[in-house]
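Chemist: here is my input; please provide its structure:
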Amino acid sequence: MDNGNHCDKAEESLDNVVPMTILFDNLSTNSPPEINLFFEKERKECSQLFEKWPENDQTDFVQGLLHRMTHFQHSQINFYLSPMLQRDFISLLPHKGLDHVAEKILGYLDGKSLCNAEIVCKQWHQVISERMLWKKLIEHNVKTDYLWRELSKRRGWANYLFKNGYLEQQRPDHWFYRRLYPQIIKDIKNMEKNWRQGIHTLQKINCRSEVSKGVYCLQYDDNQIISGLRDNTIKIWSRSDLQCKQVLTGHTGSVLCLQFDENVIVSGSSDATVRIWDIKTFTLLSTLIHHGEAVLHLRFANGLMVTCSKDRQIAVWNMNSPLDITLRRVLVGHRAAVNVVDFDDKYIVSASGDRTIKVWNTSNCEFVRTLSGHKRGIACLQYRDKLVVSGSSDNTIRLWNVELGTCIRVLEGHEELVRCIRFDNKRIVSGAYDGKIKVWDLAAALDPKTNEKTLCLKTLVEHTGRVFRLQFDQFQIVSSSHDDTILIWDFLDSEAGSFNLPAFRSDHSSGNSSNGNSSNNNGAKIRHNQNSNNGPTNGFGNLSPSMNGQSNNKDSNHMESSTATNFVGAVDYFSNYNYRPIAMQSSSSSSNQLDQEMSNSNEFLNEFSNASTTTTNNNMQQPQNESPIDSSNENETEIEIMDTQKNDQQQQQKEFNLSSPSSISPFNHSNNNFHASQPKSKQAKLTNITNQINLQNSTNSTTATGNQQANDDLAIII
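Modeler: Residues are numbered from 1 along each chain as shown. Got it, this is the predicted structure:
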């Protein structure tokens, strides 16, 4: 039987009654007229009775009828019921005065789904436009995603979000946000490409140290960069003009570590003290004296502070207030200077020149386990969740599972000691004594199947001295060096004028665009790697001149001519990514196009091109970093990481020689070779000793400019 004819007959026979297909006789088309009349009479009576029954009785009656029907009859009923059960609730809800319910439902959609919903029909588009769902989607992302939040501030479109961001007469319309969203997506993709290809703008702060050069530590936020210098000072730099706005003096040794929050700056120095400063008034609040030697690193958070020192101790402090800091516990276990600490609510993690990483329980300060694997002393680490990433004077970076105590991956590429390291959920950034900063793919590094040659995404070379410290976020790297400079590597503003706010009804876009593109500093920016093909800089193609149907936006007559078109197809966004306008009438083909346009941000990592092969390790390690620190000069007390006493070094070397003769330092290899040769005459013996000393001095002469003796280096002694 033809289903189309059947539906037509059913509609004709039920014009004046409630559609009850269960009583429709689909087999009586050829029955005699008197039978048809009899059937019509009975059906009418039955329908009248059915309408008088309660709903529960009606349902039971229909269920009984269905049990008596054949499978073929069930299929016919299902064919008729299916369209009746379908409801365009989004279109119907506004007619019932439930616009807020439709808004709530569509408000759960992501960008790609919202774009698909927009082309379902005019009613859906009307709900999306009148309820400003694109604006609310952007606001949701700004609230929940750090990248979106910071990007909104830097690009200037944060002023058009939320109720207090703009004046009522300047309120943008739906089209502003509809065009803004894909432009934000493009901005994020371009920034990821810049990270991958090393495209950045560079700003430099010359610290102009008067006595001795070197910036040992730093931390930054949106407003300032606070740095600790070798000349015993803490300098605070404005992010707006990169000028020094305050100098804190008080330490009598190099400032080796610091951290700040909204209330205080806490600094540690080679003078063995920890000082707490008021970040608003820049006055000294208190001084902690506990460690016997240089304070090499510190961390504080949530009322807890942990410091570590060249004296091999880790001090755990209760930090109730800036003026109420008490010592809770001293952790002892490392056999050499403790170079770095990090912690969370579960573990305290420390690394030392004794080649080990130790894990302690945060709550009771009990020892948990030791992570062993580095072949030389460990200079830096970061700990977050279950992952520990460490850098060592064996020129390698290791990734560890802190719960299992196992090494997940070894990253090789630096040619000298890895001095500083940081990671987030996408990448690892490391700085070393070779003057290079390397960017690594974290997700690939955690995958054991990934080829190790593809792990290093980019190597950045601008510092002329050893890289001492770095910090980074999703937009930039800020690094400091022995060359007495702080460099700001910006991966967002690599293209001048690459982001322009869309126009809107009360068009103030010219001023707003300048806000979005304006630099936060007055210093000159240097563009790097401009030869890469980044496509058009405006971000959008031409607007489609015509569309089928008329826009339902009541304010469409007030729009500029460039935006006085229908909704989705009006914007040829991302023209350099092969994006296409979407016509309302071609919804069947629009899905694949939308998949391209609103691709998930996770695909950014898949677009990373394989970086060049990482640099081969320098197997001929310079021996100055293993040599004992010369303590004869009393004027030089600056030690970046470790300076154990000479007797302790010799004792540790003896213990290490007994347990692992094959790993003796180059200097001691020379001594072993000397003893093995056993020259017969005193003159020959003296000549041999002189040659060894000359070899050592020639090696030390290759250190960075400004190093006057061995204890200027990051001496990881093992």
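
Chemist: please tell me I have it right and Thr233 contacts Gly253.
Modeler: No: Thr233 sits out of contact with Gly253 when judged by C-beta atoms under 8 Å, with a separation of 11.1 Å. For glycine as for every other residue, the C-beta is placed from the backbone atoms N, C-alpha and C.

Chemist: can I get the helix ranked longest in the chain in PDB, CA atoms only?
Modeler: If you go by DSSP state H, the chain has its longest helix at helix 174-197. Taking Å, rounded to 0.1, in the frame of the first residue of the first chain, the C-alpha atoms of helix 174-197 are listed here in PDB:
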ATOM      1  CA  HIS A 174      24.000  40.200  18.000                       C
ATOM      2  CA  TRP A 175      26.100  40.600  14.900                       C
ATOM      3  CA  PHE A 176      29.100  41.900  16.800                       C
ATOM      4  CA  TYR A 177      29.400  38.800  18.900                       C
ATOM      5  CA  ARG A 178      28.500  36.500  16.000                       C
ATOM      6  CA  ARG A 179      31.500  37.800  14.100                       C
ATOM      7  CA  LEU A 180      33.700  38.100  17.100                       C
ATOM      8  CA  TYR A 181      33.500  34.400  18.100                       C
ATOM      9  CA  PRO A 182      35.200  33.000  15.000                       C
ATOM     10  CA  GLN A 183      37.700  35.800  15.100                       C
ATOM     11  CA  ILE A 184      38.700  34.700  18.600                       C
ATOM     12  CA  ILE A 185      39.000  31.100  17.400                       C
ATOM     13  CA  LYS A 186      41.300  32.300  14.700                       C
ATOM     14  CA  ASP A 187      43.400  34.300  17.100                       C
ATOM     15  CA  ILE A 188      43.900  31.300  19.300                       C
ATOM     16  CA  LYS A 189      44.900  29.100  16.400                       C
ATOM     17  CA  ASN A 190      47.300  31.700  15.100                       C
ATOM     18  CA  MET A 191      48.900  31.900  18.600                       C
ATOM     19  CA  GLU A 192      49.300  28.100  18.700                       C
ATOM     20  CA  LYS A 193      51.000  28.300  15.300                       C
ATOM     21  CA  ASN A 194      53.300  31.000  16.600                       C
ATOM     22  CA  TRP A 195      54.400  28.800  19.500                       C
ATOM     23  CA  ARG A 196      55.000  26.000  17.100                       C
ATOM     24  CA  GLN A 197      57.000  28.000  14.600                       C
END
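
Chemist: which neighbouring elements make contact with that helix?
Modeler: Secondary-structure packing of helix 174-197 (3 or more C-beta pairs under 8 Å, 6 or more residues apart in numbering; DSSP states H and E): helix 122-130, helix 133-144, helix 146-155, strand 456-461, helix 603-606.

Chemist: rerun that using 6 Å as the cut-off
Modeler: If you count contacts as 3 or more C-beta pairs under 6 Å, 6 or more residues apart in numbering; DSSP states H and E, helix 174-197 packs onto helix 133-144.

Chemist: run through the bridge partners of Thr356.
Modeler: Residues in a beta bridge with Thr356, per DSSP bridges, are Ser372.

Chemist: ok so, going back, next helix or strand past the longest helix of the chain?
Modeler: strand 200-206 (DSSP states H and E).

Chemist: that following strand: partners in the sheet, and parallel or antiparallel?
Modeler: strand 485-490 (antiparallel), strand 526-528 (antiparallel).

Chemist: now Lys280, nearest residue through space, not along the chain?
Modeler: Setting aside the residues directly before and after it, Lys280 is nearest to Asn263 in space (C-beta to C-beta, 6 or more residues apart in numbering), at 8.0 Å.

Chemist: look up how far Val439 lies from that neighbour.
Modeler: 33 Å (C-beta to C-beta, to the nearest Å).

Chemist: please apply the same query to Ala117.
Modeler: Note on Ala117: its distance to Val439, by C-beta to C-beta, is 38 Å.

Chemist: between those two, tell me which one has more neighbours.
Modeler: Applying other C-beta atoms under 10 Å to Ala117 and Val439 shows that Val439 carries more neighbours, namely 23 against 18.

Chemist: confidence score at the more buried one?
Modeler: pLDDT for Val439: 97.

Chemist: let me know the secondary structure of it.
Modeler: Assigned state for Val439: strand (three-state reduction, DSSP: H, G, I helix; E, B strand; the rest coil).

Chemist: buried ones in stretch 348-361?
Modeler: 348-360 (16 or more other C-beta atoms under 10 Å).

Chemist: okay, now the unreliable bits of the stretch 351-500 of the chain?
Modeler: Counting by pLDDT under 70, the stretch 351-500 of the chain shows low-confidence ranges at 494-499.

Chemist: show me what contacts Leu49?
Modeler: Applying C-beta atoms under 6 Å, 6 or more residues apart in numbering, we find Leu49 in contact with no residue.

Chemist: doesn't it lie inside a strand?
Modeler: No: Leu49: not assigned to a strand; according to three-state DSSP it is helix.

Chemist: would you map out the domains in this protein?
Modeler: By the assignment in automatic domain parsing, the chain contains the domains 3-86, 111-197+538-553+560-606, 626-712.

Chemist: mind pulling up the pLDDT for Met559?
Modeler: pLDDT, Met559: 33.

Chemist: again with Asn36
Modeler: 78.

Chemist: now for the host helix or strand of Ile325, which elements pack on it?
Modeler: Using DSSP H and E, Ile325 maps to strand 324-332. Applying 3+ C-beta pairs under 6 Å, 6+ apart, one finds that strand 324-332 contacts strand 313-321.

Chemist: what angle do the strand it packs on and strand 324-332 make?
Modeler: 160 degrees (axes from the mean of the first three to the mean of the last three C-alpha atoms, to 10 degrees).

Chemist: for strand 313-321, name the packing helices and strands.
Modeler: Packed against strand 313-321 by the contact rule (3+ C-beta pairs under 6 Å, 6+ apart) you find strand 304-309, strand 324-332.
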